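> can't give you the sequence, but here's the structure:
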């Protein structure tokens with residue numbers, strides 16, 4: 001139990017840091033203005049971003065000045081970090097939605113949906129991309145790129161390591177590539193931006209239009225899936241482009257810990273990691289199963305079947321959501337396989353969504369351990385460890401319990417979300433596919449997610465995207481802390 005004075009200091013610190021983050025994020029609203037160099041006829045939209053950025057800056061400045069005095073500069077705990085992360089993600093989604101509202105491109109619910117889809121790197125959209133101003137397409141790609149690296153990573157790389165550690169962990173990051181959180185964040189940014197440069201140059205080299213290369217590089221690496229084409233990647237219809245996008249999606253779905261080991265040429269440590277092995281095994285297995293499921297049904301020949309099957313399998317498991325095809329002609333079995341892939345997701349500490357490969361491995365391993373323990377003599381004790389990045393982790397009861405809690409929360413949200421869609425009149429396949437796409441931050445759609453969808457439908461998707469990106473527990477921890485502290489203050 002904390003005293004009233006301790007809680008006052010805690011929440012002054014929390015609100016001060018939320019204010020600082022709002023100030024820092026306000027400058028992001030100026031980045032889309034660079035698009036005016038190429039599209040000067042859209043200069044009248046610049047005010048939409050300036051206004052939204054000014055609101056974010058002013059709101060943050062007021063919080064910072066009001067609560068700076070009496071706060072502390074010590075390390076922020078995970079609990080306080082959870083409150084900061086949930087608050088700042090909610091605020092940045094709201095402030096970003098204002099840009100669409102000010103331009104009168106959509107209503108409030110649709111603006112919140114588009115903003116949430118961008119920041120959570122989901123990629124579902126209600127926008128008519130063919131008629132959307134280019135500056136807003138730039139904005140969508142930029143927020144997906146920033147959201148992919150992690151808002152805390154981007155914004156807190158300039159804050160002292162002790163202050164940012166709790167927020168870094170609360171955002172779902174656990175890879176400490178270097179002893180200092182600040183250095184870790186900067187290392188992630190260097191790796192992330194280097195891959196983005198590689199992707200852009202590679203796409204240009206294959207003859208891809210610069211605008212297409214820009215948008216699909218940022219959203220492909222971020223495993224976000226927003227496209228500047230109404231027909232998504234399928235409208236480009238170039239095999240070389242798809243191959244490069246597959247490489248970007250795989251890079252995005254790989255944990256930053258593995259990337260760091262690659263850059264350090266520590267290949268012997270990479271071989272100890274279970275996530276890459278499970279990830280590529282599932283990708284290969286499901287790619288073959290999808291080929292079998294759609295052969296002779298969708299495409300006229302085997303090469304085309306393999307081409308689209310592999311691309312959609314990578315897009316699903318990486319959580320990107322790029323589409324080279326319309327799923328209207330795909331059999332139920334293939335759609336079911338894509339749903340499973342979306343739920344599997346990429347690796348921990350990557351830009352991908354889903355339950356993540358490490359949790360899948362822990363789940364399977366826990367079952368195997370129980371079977372082994374059943375066969376062992378009474379009183380026998382065995383210790384199990386797994387490698388994650390450059391760290392060896394004990395596979396103990398606490399880790400297994402945390403994994404079980406995550407799957408429970410994931411399953412509960414999935415059932416509730418699907419039930420809402422069913423009550424809205426959607427069929428089971430559509431309900432499961434659309435909810436899985438939002439909850440796992442993928443972005444594939446059977447067409448139900450559109451501008452004509454009801455407000456209930458869109459808010460169901462918004463909550464799914466938000467909970468999926470912040471991985472449930474952080475949101476529940478933040479709410480429980482605020483409620484618990486509020487009750488304590490009332491009773492004091």
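Looks like it arrived, so ask away. It should be emphasised that the depicted structure is a prediction, and the values quoted were computed from it without experimental measurement.

> which residue is the nearest non-sequential neighbour of residue 346?
Distances taken as Cβ to Cβ, 6 or more residues apart in numbering place residue 352 nearest to residue 346, at 2.6 Å, with adjacent residues excluded. C-beta: built from backbone N, CA, C; applies to glycine.

> for that neighbour, helix, strand, or coil?
coil (DSSP: H, G, I helix; E, B strand; the rest coil).

> residues touching it, list them.
Counting by Cβ atoms under 8 Å, 6 or more residues apart in numbering, residue 352 touches 223, 252-253, 317-320, 345-346, 441.

> then residue 347?
Contacts of residue 347 by Cβ under 8 Å, 6+ apart are 253-255, 258, 275-276, 279, 356-358.

> what about the residues you listed, which are in helices?
In this view, the contacts of residue 347 that belong to helices under DSSP state H are 253, 258, 275-276, 279, 357-358.

> looking at the protein, which helix or strand does the model trust least?
In the chain, the helix or strand scored least confidently by mean pLDDT, DSSP states H and E is helix 161-170, which has a mean of 54.

> drop anything exposed from the ones in helices among the contacts of residue 347.
Among the ones in helices among the contacts of residue 347, those classed as buried by 16 or more other Cβ atoms under 10 Å are 253, 258, 275, 279, 357-358.

> ok now the helix or strand residue 137 falls within, how far from the chain's centre?
Using DSSP states H and E, residue 137 falls within helix 134-149. Distance of helix 134-149 from its chain centroid, counting by Cα atoms, centre = their mean, to the nearest Å, is 13 Å.

> what is the neighbour count of the residue lying closest to residue 472 once chain neighbours are set aside?
With sequence-adjacent residues excluded and distances taken as Cβ to Cβ, 6+ apart, residue 472 is closest to residue 409, at 4.1 Å. When neighbours are counted by other Cβ atoms under 10 Å, residue 409 registers 16.

> the helix or strand harbouring residue 409 - what's its average pLDDT?
Per DSSP H and E, residue 409 falls inside helix 397-423. Averaged across helix 397-423, pLDDT comes to 95.

> follow-up on the earlier one: just among the contacts of residue 352, which is most surrounded?
residue 320 (38 neighbours).

> residue 223 is in contact with that one, correct?
Yes - taking contacts as Cβ atoms under 8 Å, residue 320 lies within contact range of residue 223: 4.4 Å.

> list the residues that contact both of these two?
Contacts common to residue 320 and residue 223, judged by Cβ under 8 Å, 6+ apart, are 249, 252, 352.

> quick check: the second one vs residue 204, distance?
Put plainly, it is residue 252. 19 Å (Cβ to Cβ, to the nearest Å).

> equivalent analysis for the first one, please.
From residue 249 across to residue 204, the span is 18 Å (Cβ to Cβ).

> just want to know which of the two has more residues nearby.
Neighbour totals were compared for residue 249 and residue 204, and residue 249 leads with 29 against 15 (other Cβ under 10 Å).

> what strand or helix carries the more buried one?
Per DSSP H and E, residue 249 falls inside helix 239-253.

> ok, residue 431 next?
In the assignment (DSSP H and E), residue 431 maps to helix 428-439.

> roughly how far is that helix from the heart of the chain?
17 Å.

> now the helix or strand just after it against helix 397-423, angle please.
Next in sequence after helix 428-439, counting helices and strands by DSSP H and E, comes helix 455-470. Angle of helix 455-470 versus helix 397-423, following axes from the mean of the first three to the mean of the last three Cα atoms, to 10 degrees, is 170 degrees.

> packing partners of helix 455-470?
helix 78-102, helix 108-119, helix 397-423, helix 428-439 (3 or more Cβ pairs under 8 Å, 6 or more residues apart in numbering; DSSP states H and E).

> could you give the angle of the third one to helix 428-439?
Relative orientation of helix 397-423 and helix 428-439, computed by the same axes, to 10 degrees: 130 degrees.

> now do the buried residues in helix 397-423.
399-400, 403, 406, 409-410, 413-414, 417-418, 420-421.

> could you do stretch 470-483 as well?
Buried residues in stretch 470-483, counting neighbours by 16+ other Cβ under 10 Å, are found at 470-475, 477-478, 481-482.

> the residues you listed: which two are farthest apart?
471 and 482 (18.5 Å; Cβ to Cβ).

> got the contact list for the strand or helix carrying residue 216?
Following DSSP H and E, the helix or strand that holds residue 216 is helix 210-221. Helix 210-221 has contacts (Cβ under 8 Å, 6+ apart) with 38, 121, 123, 134, 137-138, 140-142, 144-145, 148, 192, 195-196, 199-200, 203-204, 208, 224-229, 233, 236, 241, 245, 248-249, 251-252, 320, 322, 351.

> got CSV for the buried residues of helix 397-423, with distance to residue 311 too?
Listed next are the buried residues of helix 397-423 as CSV, based on distance: Cβ to Cβ, whole Å:
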residue, distance to residue 311
399, 34
400, 35
403, 30
406, 29
409, 31
410, 26
413, 28
414, 25
417, 27
418, 26
420, 31
421, 27
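
> what residue ranges in this structure score low on pLDDT?
1-2, 71, 73-75, 151-182, 379-380, 492 (pLDDT under 70).

> rewinding a little: show the subsequent helix or strand relative to the helix holding residue 216.
Downstream of helix 210-221, the first helix or strand assigned by DSSP H and E is helix 232-236.

> other SSEs contacting that following helix?
helix 239-253.

> tell me which residues of the helix it packs on come out buried.
For helix 239-253, by 16+ other Cβ under 10 Å, it's 241-242, 244-253.

> closest one to residue 290 out of the residues you listed, please.
Using Cβ to Cβ, residue 246 is the member of the buried residues of helix 239-253 that sits closest to residue 290, with 14.5 Å.

> what about the closest residue to the closest one other than its chain neighbours, neighbour count?
Leaving aside its chain neighbours, residue 246 sits nearest to residue 314 (5.0 Å; criterion: Cβ to Cβ, 6+ apart). Using other Cβ under 10 Å, residue 314 is surrounded by 23 other residues.

> same check on residue 131?
By other Cβ under 10 Å, neighbour count at residue 131 equals 8.

> backbone dihedrals for it, please?
phi -120, psi 10 (degrees, to the nearest 10).

> quick one, what contacts the closest residue to residue 79 other than its chain neighbours?
Nearest residue to residue 79, sequence neighbours excluded (Cβ to Cβ, 6+ apart): residue 481, at 5.1 Å. Residues near residue 481 by Cβ under 8 Å, 6+ apart: 79-80, 82-83.
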